[in-house]
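S.K.: Sharing a sequence plus its predicted fold:
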Amino acid sequence: MDRIFNFSAGPSVLPVPVLQTAGKEMLNYHGYGLSVMEMSHRSKAYEEIIEGAESSLRKLMHIPNNYKVLFLQGGATLQFSMIPLNLMKKNQQADFLITGNWANKAYLEAKKFGDAQIIASSKDQNFSYIPKTQKSDFRETADYVHICVNNTIYGTRFKPNGLPDIGNLDLIADMSSNILSEEYDVSKFALIYAGAQKNMGPAGVTVVIIRDDLIGQASIDTPTYLDYKIHADADSMYNTPACYSIYVCGLVFKWLENLGGIPAIEEINKNKAQKLYDYIDNSDFYIGTAKTEDRSLMNVPFICKNSDLNAAFIAEAEKKGLQNLKGHRSIGGMRASIYNAMPVEGIDALILFMQDFAKRNH
Ligand SMILES: Cc1ncc(COP(=O)(O)O)c(C=O)c1O
């Protein structure tokens, strides 16, 4: 069987050259005579791998020197707890914008640790838009404001120039489904976190980019693994890291660097997304479910106008090698996740199929 076009929301498509390199290096990494999977994380070879991954990521995102990059485990989900445990410390207050399930999960977890407050939500319209806020909406005493930058399920995003105005408060961002897809100014954030399995590599590692003055606030009874300081002081080697996942992330970062960095992939992503949105907007058969001005570049949810046809669409697409197009159960319909590694050929093939399906079912 040929490779499919994999529209999965995550774990998701990886760049073919990265998979080829990982394959080539599987049995004998750089002449060391063993696989990366078999290496001690304390070995010189592995040190180079993790340091190389960090240095590529720093270059790609222009991460300032006063930020630490951590490679942790537990998924983005563990960050929902680690963030309040470490950072809800001065006034035990945090403000949340609820733009979907993930933002809501982060809020619910923070509520266990202190005074978490919803400042705005788009739940009233099934999270199809990004709510507007102004500075005065946020509590001046909030220890931080949390947002989910790209809403994987509902296909909306805070654009780089559309982040909420929160004055001098610290902004914390879940970027799991759009990290490295377009340029965001890291210095606008106190902490960025992202599970790897969409735009960076295999599941198992979570990148945390944290301003260094925020490290070291956890109380004495915080479980050791959940204290950012432990990981920062040990350069993400407090315990065995997700060695192989970090290695593949490093290959993906190099692939991106060779492509021309984030500006280059941003242009590709905008073209890919525009193509698909243009087709949906111009058809009288499909409807895009996210509000136009808030649309994601990474996740494109849509439905057939006649919703009875959604299941047939997904089943027929699957047979054509266009797979994992089923929308999340909370929204239904279809969702095309078109992360960095989705080639433009995948978008073209999807549009061709959509045209054909529409013609046959009109
Ligand atoms: C935006 C966002 N945040 C958090 C998560 C949860 O990530 P994990 O499964 O790595 O805990 C996901 C997973 O899809 C996501 O899309």
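M.R.: Thanks, I have the structure now. Numbering: from 1, shown residues only.
S.K.: Run a quick neighbour tally on the residue of the stretch 151-300 of the chain found nearest the ligand.
M.R.: In the stretch 151-300 of the chain, the residue found nearest to the ligand is residue 195; the distance is 3.0 Å by C-beta to the nearest ligand atom. Bear in mind the C-beta positions are built from the backbone N, C-alpha and C, glycine included. Other residues near residue 195 come to 27 when the count uses other C-beta atoms under 10 Å.
S.K.: any idea what sits nearest it, other than its immediate chain neighbours?
M.R.: Here the nearest residue to residue 195 in space, its sequence neighbours aside, is residue 76; by C-beta to C-beta, 6 or more residues apart in numbering that works out to 4.1 Å.
S.K.: Check the secondary structure at the one you found for me.
M.R.: helix (DSSP: H, G, I helix; E, B strand; the rest coil).
S.K.: Do I have it right that it meets residue 208?
M.R.: No. The pair residue 76 and residue 208 fails to qualify as a contact (C-beta atoms under 8 Å) at a distance of 9.6 Å.
S.K.: so what's the closest residue to residue 299 other than its chain neighbours scoring on pLDDT?
M.R.: Nearest residue to residue 299 in three dimensions, chain neighbours excluded: residue 155, at 4.4 Å (C-beta to C-beta, 6+ apart). Taken from the predicted model, the pLDDT recorded for residue 155 is 98.
S.K.: Over to residue 2?
M.R.: 88.
S.K.: got it, and residue 251?
M.R.: Residue 251 carries a pLDDT score of 98 in this model.
S.K.: Distance check, it against residue 4.
M.R.: Spatial separation of residue 251 from residue 4 under the definition C-beta to C-beta, to the nearest Å is 21 Å.
S.K.: who has more neighbours, these two?
M.R.: A count of neighbours by other C-beta under 10 Å puts residue 251 above the other of residue 251 and residue 4, at 23 against 15.
S.K.: The ligand contacts on the protein?
M.R.: Applying C-beta under 6 Å from any ligand atom, we find that the chain lies next to the ligand at 10, 75-77, 102, 148, 152, 174, 176-177, 195.
S.K.: List the ones among those residues that fall in strands.
M.R.: Secondary structure from DSSP state E places 148, 174, 195 of the residues of the chain next to the ligand in strands.
S.K.: Now do the same contact list for the second one.
M.R.: To tie it back to what came earlier, the one meant is residue 174. Listed by C-beta atoms under 8 Å, 6 or more residues apart in numbering, the contact partners of residue 174 are 76, 79, 102-103, 106, 146-149, 193-194.
S.K.: The last one now?
M.R.: Remark: with contacts taken as C-beta under 8 Å, 6+ apart, residue 195 is in contact with 10, 75-77, 176, 203, 205-206.
S.K.: if we go to 6 Å?
M.R.: 75-76, 176, 206 (C-beta atoms under 6 Å, 6 or more residues apart in numbering).
S.K.: Which strand residues bridge it?
M.R.: Per DSSP bridges, residues listed as beta-bridge partners of residue 195: residue 206.
S.K.: I'd like to know how far it sits from residue 179.
M.R.: Using C-beta to C-beta, one obtains 9 Å as the distance from residue 195 to residue 179.
S.K.: For stretch 300-312, which outside residues touch it?
M.R.: With contact meaning C-beta under 6 Å, 6+ apart, stretch 300-312 is reached by 155, 276, 280, 285-289, 327, 333-336, 361.
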